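Engineer: based on what follows, work out the 3D shape:
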Amino acid sequence: MPHVPKTFGRFHTLYFAARWSIPRSRPYAAPSREYRPTWPYGGSGRGPRRIDSRCMAPSMDETLSLSVVVPTRNEAESVDALVSSLEPELAARAAEVIFVDDSDDETPDRVAECSLTAALTVRLLHRRPEERAGGLGGAVVEGLRQARGSWVCVMDADLQHPPATVARLLEAAEAKDLDLVVATRFRDGGSDGGLGALRRAVSRGSAAAARLLFPRRLRGVSDPMSGFFLVRRSAVELQRLRPNGFKILLELIVRSSFRAVGEVPYAFAERHAGESKASLREGARFLVQLVRLRKPEATGRLARFAVIGLSGLVVNEALLALLTERARLYYLAAAVISTQTAILWNFALTERWVYARRNCQFDLKGRLVAFCLVCTTAQLLTIPILYLLVDSVGAPYLVANLFAIAASTLVRFSIAERLIWKRPPSVT
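Structural biologist: Residues are numbered from 1 along each chain as shown. Sure thing, here's the model as predicted:
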């Protein structure tokens, strides 16, 4: 080995001593339209470790008892408050908080800043726009993959899920040896007061629809729409999950085989900051997800059935205007004729486009009579739904009408699948 002069070593010693004495600050740039975190991969001893979403192998580290997975989208104002509220609740536990972030604002940088002083281990997965498959449900699944705790608690960042309830969920799971514990708003001691009237009605209606389609799986679960729950990580079959939208709990219950399920009541609180991400689009995704879970092979048929329903609406309106304005027919008589014509139109297209290759139990005449009866009854059922949403809940009548039509379509499709175009019993 060549001789190195002592002066060379002293020079480097002085250089690095001076270099390390310079205080370093993390830059926090204003977010661009396509947001990218300002801190590098890997993090440091003080900051959060940036989880590379392209390398999502499950961790085998079992030293933690609890991982709290928090899916976020533009929740920068709630990050500090959430972590501060979780710290005293989880002080006695070996726990971590994983933010799975789909934000386009400065939320990742807020997480980075918060982690510098947090008593809890804070980790972050920031998903780029092209990586955000599955929406919120997809974010939760990615968090489950990265979790190192034996138990995983899923909760929102906006403090509508009280951090104090996390410890109660874990205590119930350990005391009763449960695989899943759901924080419910609908047991004694629980409340959904933090929801507005419209969201409360939609939430309860969605829960009722889920229980109707999955009576056995949801036996004993009063709040299948809850986004607040705790699950044993080893009991989740991640490879079977196909998340799509907000309602990941229903996906977990239907596609997993939990040995024991329990509930803990909680009061749904007011939102701490920011805006709700609930929308008509998420409602439509939920309806599609219900069908996918109940009958995975029927999703395409539902889409075609809905398109036919829209075409029937166009036929109905056009014929009503033609008979009333050109033929000078009384509008109520014109409405009856146009409605029945639209029903026949829908039946013909459903026969040819949705169930063309299906061998059915009933003949063509029986299917036609049943279809007309179901459509007429479903139209009558939309009236009380519309009245309930507008007069009792206060929803705008156009929005309420869309919900009523969507509910009617789902009911008609379910009856079409199970009864009108039912396959004949197999001969053994």
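Engineer: every contact and neighbour count from this point should use C-alpha atoms.
Structural biologist: Fine.
Engineer: walk me through the domains of this structure.
Structural biologist: 64-288, 296-420 (automatic domain parsing).
Engineer: want to throw those into TSV with mean neighbour count and mean pLDDT?
Structural biologist: TSV is the format used below for the domains of the chain (neighbours: other CA atoms under 10 Å; pLDDT from 0 to 100):
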stretch	mean neighbour count	mean pLDDT
domain 64-288	19	85
domain 296-420	16	84
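Engineer: which phi and psi does Val264 have?
Structural biologist: Here is the backbone geometry of Val264 (degrees, to the nearest 10): phi -130, psi 120.
Engineer: list the contacts for the closest residue in space to it that isn't next to it in sequence?
Structural biologist: Distances taken as CA to CA, 6 or more residues apart in numbering place Ala183 nearest to Val264, at 4.9 Å, with adjacent residues excluded. Going by CA atoms under 8 Å, 6 or more residues apart in numbering, Ala183 touches 165, 169, 223, 226, 228-229, 263-266.
Engineer: so Ala183 is in which element?
Structural biologist: With secondary structure defined by DSSP states H and E, Ala183 is part of strand 180-184.
Engineer: tell me the first helix or strand C-terminal of that strand.
Structural biologist: Heading C-terminal from strand 180-184 (DSSP H and E), you reach helix 197-213.
Engineer: could you dump that following helix to CSV, C-alpha only?
Structural biologist: Coordinates of each C-alpha in helix 197-213 appear next as CSV, following Å, rounded to 0.1, in the frame of the first residue of the first chain:
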residue,chain,number,x,y,z
ALA,A,197,-77.9,14.5,6.0
LEU,A,198,-77.3,13.5,2.4
ARG,A,199,-74.1,11.5,3.1
ARG,A,200,-75.8,9.9,6.1
ALA,A,201,-78.7,8.7,3.9
VAL,A,202,-76.3,7.5,1.1
SER,A,203,-74.1,5.7,3.7
ARG,A,204,-77.0,3.9,5.3
GLY,A,205,-78.5,3.0,2.0
SER,A,206,-75.2,1.6,0.7
ALA,A,207,-74.8,-0.4,3.9
ALA,A,208,-78.3,-1.8,3.5
ALA,A,209,-77.6,-2.8,-0.1
ALA,A,210,-74.3,-4.5,0.9
ARG,A,211,-76.1,-6.5,3.7
LEU,A,212,-78.8,-7.5,1.2
LEU,A,213,-76.2,-8.9,-1.3
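Engineer: so Arg301 versus Val307, what's the distance?
Structural biologist: Between Arg301 and Val307 the computed distance is 10 Å (CA to CA, to the nearest Å).
Engineer: how about Ser226?
Structural biologist: For Ser226, the distance to Val307 - CA to CA - is 31 Å.
Engineer: same question, Ala157
Structural biologist: In this view, Ala157 and Val307 are 37 Å apart by CA to CA.
Engineer: could you do Asn346 as well?
Structural biologist: Distance from Asn346 to Val307, by CA to CA: 10 Å.
Engineer: what's the answer for Thr72, then?
Structural biologist: Counting by CA to CA - Thr72 and Val307 are separated by 33 Å.
Engineer: likewise Gly137?
Structural biologist: Taking CA to CA, one finds Gly137 at 26 Å from Val307.
Engineer: what's the answer for Leu402, then?
Structural biologist: Taken as CA to CA, the span from Leu402 to Val307 is 14 Å.
Engineer: and Ala94, by the same measure?
Structural biologist: 52 Å.
Engineer: same check, this time on Leu252
Structural biologist: 30 Å.
Engineer: equivalent analysis for Arg352, please.
Structural biologist: Noted for Arg352: a distance of 13 Å to Val307, by CA to CA.
Engineer: okay, and the common contacts of these two?
Structural biologist: Counting by CA under 8 Å, 6+ apart, nothing touches both Arg352 and Val307.
Engineer: what sits up against the helix or strand hosting Ile415?
Structural biologist: Assigning secondary structure by DSSP H and E places Ile415 in helix 397-415. Outside helix 397-415, the residues within contact range by CA under 8 Å, 6+ apart are 287, 302, 305-306, 309, 374-375, 378-379, 381-383, 385-386, 389-390.
Engineer: CA atoms of it as CSV?
Structural biologist: Presented in CSV, the C-alpha positions along helix 397-415 are these (Å, rounded to 0.1, in the frame of the first residue of the first chain):
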residue,chain,number,x,y,z
TYR,A,397,-83.7,17.1,-6.9
LEU,A,398,-81.5,16.5,-10.0
VAL,A,399,-78.8,14.7,-7.8
ALA,A,400,-81.6,12.8,-6.0
ASN,A,401,-83.0,11.7,-9.3
LEU,A,402,-79.7,10.3,-10.4
PHE,A,403,-79.4,8.2,-7.2
ALA,A,404,-83.0,7.0,-7.7
ILE,A,405,-82.3,6.0,-11.3
ALA,A,406,-79.0,4.2,-10.3
ALA,A,407,-80.9,2.3,-7.5
SER,A,408,-83.6,1.3,-9.9
THR,A,409,-81.1,0.1,-12.5
LEU,A,410,-79.3,-2.0,-10.0
VAL,A,411,-82.6,-3.6,-8.7
ARG,A,412,-83.8,-4.3,-12.3
PHE,A,413,-80.4,-5.9,-13.3
SER,A,414,-80.4,-8.1,-10.1
ILE,A,415,-83.9,-9.4,-10.9
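Engineer: what is the distance between that helix and the centre of its chain?
Structural biologist: 20 Å (CA atoms, centre = their mean, to the nearest Å).
Engineer: what's the answer for stretch 312-324, then?
Structural biologist: 38 Å.
Engineer: all strands of the stretch 1-150 of the chain, in order?
Structural biologist: 64-72, 95-101, 121-126, 149-154 (DSSP state E, counting those that start in this stretch).
Engineer: now the closest residue to Asn359 other than its chain neighbours: phi and psi?
Structural biologist: Spatial nearest neighbour of Asn359, excluding adjacent residues (CA to CA, 6+ apart): Arg423 at 6.0 Å. Here is the backbone geometry of Arg423 (degrees, to the nearest 10): phi -70, psi 150.
Engineer: hmm, Arg423 is touching Arg357, no?
Structural biologist: No - Arg423 is not in contact with Arg357 according to CA atoms under 8 Å; the separation is 11.0 Å.
Engineer: before we move on, the earlier item: restricted to helices, list the contacts of Ala183.
Structural biologist: Those of the contacts of Ala183 mapping onto helices are 165, 169, per DSSP state H.
Engineer: contact partners of the helix or strand hosting Val315?
Structural biologist: Using DSSP H and E, Val315 sits within helix 299-321. Under the contact criterion CA under 8 Å, 6+ apart, helix 299-321 has outside partners 288, 291-292, 331, 334-335, 337-339, 341-343, 345-346, 349-350, 353-354, 409, 413.
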